[in-house]
Structures are given as structure tokens and as C-alpha cells.
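Undergrad: Sequence and predicted model, in that order:
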Amino acid sequence: MGTRGYRRLLEANERWVAERLAERPDYFARMAAGQDPEFVWIGCSDSRVPAETLTGCAPGELFVHRNVANQVVHTDLNMLTVLYYAVQQLRVRHVIVCGHYGCGGVAAAMSRRDFGLINRWLQNIKDCAERHQDELAALPDEAARSRRLVEVNVVEQVDHLAKTSVIQRAWKAEERPWLHGWVYDLATGRLQELVRRTPEDLPHPVHRYDLDEG
Ligand code: CO
């Protein structure tokens with residue numbers, strides 16, 4: 001494989017710029033002026049799950065965070081910064097966690113293979129599998145278990161969001177954002193809703209914060 005293939009991306013960018021400017025001469029001037037996205041997308045890094053493409057969103061509509069297996073980890077400063085900025089400053093209306101069937105991260109977590117450093121990240125999914133072990137064990141085969149773990153993993157990440165003070169503060173003050181758990185099917189291209197949490201859906205009391213104004 002040659003190393004010149006990357007040029008295709010730069011050339012495509014030139015065409016894309018020309019198309020945008022043909023539509024609207026001020027397209028980039030408007031983009032540069034600021035953003036007001038309605039949605040946060042927390043998805044998997046997998047190249048086959050491009051957030052904007054599969055939701056028909058244009059630049060400016062999605063505030064995106066992606067990592068392996070769409071995790072919401074309470075100590076992940078990267079994810080928390082995205083969430084805080086989007087909820088507190090950009091005042092998004094919806095936060096979407098989107099998993100996908102055939103997720104390599106979930107498959108790796110289901111295996112017993114030692115991935116070195118990566119074990120630390122996959123452990124979150126292993127813990128999720130352990131919490132749902134009875135349900136998973138009752139399924140007929142590995143493929144079914146994998147699909148179900150993808151789903152319950154998404155639901156758990158949505159619940160992790162509800163446990164953050166960032167979300168609870170916005171829920172209390174402005175009754176937004178709604179939290180959504182979706183799964184994407186690589187084989188059909190379809191998104192499916194798994195769960196939705198609104199400001200009435202506070203987590204277990206041990207996870208609730210006493211929030212002052214401001
Ligand atoms: Co994945």
C-alpha cells in the first residue's frame with residue numbers, strides 16, 4: 001500500500017469548500033462566527049459509525065465525543081470537559097450515547113485476551129458484563145450475548161450521565177438536556193432507541209447532589 005492515498009482527503013476538502021461556497025458565499029464566515037449545536041453525541045470511535053453522516057447532520061449541529069465503546073467514565077476528564085462545556089455553555093437540548101452492534105471494544109471486553117494498557121479501559125465493559133451476567137448467560141450464543149452487551153452498555157452509560165452534577169444542575173435549572181441511549185446497526189444502517197431519561201428520572205438518592213443556584 002502506497003503512502004500517497006492521504007492526498008485524496010485534501011483534494012476532497014478542496015471540492016467540499018467549493019461546493020459550500022457555491023451554495024452560500026458566506027458559509028464559512030457564518031461557521032466562524034460561532035456554534036449553537038442542539039445535540040451532544042457520545043459514540044464509538046469505530047470508523048463505520050460517523051455521527052454526522054448517519055444522522056444527516058451538518059457542521060454546527062452535533063457536539064461530538066467519541067471513544068472506544070462509547071464510554072461515560074466518571075474520571076475521564078476528556079469526556080467530562082466535553083459534557084460540561086456542551087451542557088453549561090452551549091446549552092444543548094439532548095445528549096445521545098450511541099453504541100453499535102459488532103463493537104470491537106465490546107468484543108475485546110468479552111474475550112479473556114490480555115490487551116495490556118487497554119485492559120484498563122475495557123474493564124468498564126467487563127464490569128458491565130458482570131452486572132448483567134445472568135441475562136447474558138441465558139442467551140443462546142456469543143453473537144446474541146455481544147449484541148445484548150452492546151445494548152446494556154449504552155443504557156449504563158446514559159445512567160452514568162444522570163449521575164453527574166453537570167446533568168443534574170442543568171436538569172434542575174432548565175429541565176434539559178434529555179439523555180438518550182441509541183444503538184446503531186452496521187448491517188442495516190438503522191438507529192434504534194434503547195432508553196430515554198428526562199429531568200424527572202433522577203438517579204438513586206446516593207447519586208443525587210444538593211445543588212445551589214449558579
Ligand atoms: Co465500537
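TA: Now that the structure is in, tell me what you want to look at. Since we're looking at a predicted model, the values are computed, not measured.
Undergrad: Residue 163 against residue 206, yeah?
TA: No: judged on Cβ atoms under 8 Å, residue 163 makes no contact with residue 206 at a distance of 9.3 Å. Yep, even glycine has a C-beta here, placed from its N, CA and C like the rest.
Undergrad: Next one: the lengthiest helix in the chain, is it in contact with the ion?
TA: Of all the segments of type helix in the chain, defined by DSSP state H, the longest one is helix 142-162. No: Helix 142-162 stays clear of the ion (Cβ under 5 Å from the ion), getting no nearer than 8.2 Å.
Undergrad: Residue 132: how many residues sit nearby?
TA: By the measure other Cβ atoms under 10 Å, the count of residues near residue 132 is 18.
Undergrad: Quick one: residues contacting it.
TA: 148-149, 152 (Cβ atoms under 8 Å, 6 or more residues apart in numbering).
Undergrad: pLDDT and neighbour count added to these, as JSON lines?
TA: As requested, the contacts of residue 132 are exported to JSON lines (pLDDT from 0 to 100; neighbours: other Cβ atoms under 10 Å):
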{"residue": "148", "pLDDT": "98", "neighbour count": "17"}
{"residue": "149", "pLDDT": "98", "neighbour count": "25"}
{"residue": "152", "pLDDT": "98", "neighbour count": "20"}
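Undergrad: Same list (the residues you listed) but as CSV, adding distance to residue 192.
TA: Below are those laid out as CSV (distance: Cβ to Cβ, whole Å):
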residue, distance to residue 192
148, 13
149, 15
152, 14
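Undergrad: for those, which one is nearest the ion?
TA: Nearest to the ion among the contacts of residue 132 is residue 149, at 11.6 Å by Cβ to the ion.
Undergrad: confidence score at the spatially most central residue of the chain?
TA: Here the mean C-alpha position of the chain is nearest to the C-alpha of residue 42 (Cα atoms, centre = their mean), at a distance of 1.5 Å. On pLDDT, residue 42 comes in at 98.
Undergrad: can you give me phi and psi for it?
TA: phi -110, psi 110 (degrees, to the nearest 10).
Undergrad: quick one: contacts for it?
TA: 65-66, 70, 72, 79, 82, 95-98, 157.
Undergrad: could those residues be laid out in a markdown table, adding secondary structure, pLDDT and neighbour count?
TA: What follows is the contacts of residue 42, written out as a markdown table (DSSP: H, G, I helix; E, B strand; the rest coil; pLDDT from 0 to 100; neighbours: other Cβ atoms under 10 Å):
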| residue | secondary structure | pLDDT | neighbour count |
| --- | --- | --- | --- |
| 65 | strand | 98 | 22 |
| 66 | strand | 98 | 17 |
| 70 | coil | 98 | 31 |
| 72 | coil | 98 | 25 |
| 79 | helix | 98 | 22 |
| 82 | helix | 98 | 19 |
| 95 | strand | 98 | 29 |
| 96 | strand | 98 | 25 |
| 97 | strand | 99 | 29 |
| 98 | strand | 98 | 23 |
| 157 | helix | 98 | 24 |
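Undergrad: Brilliant, that's me finished.
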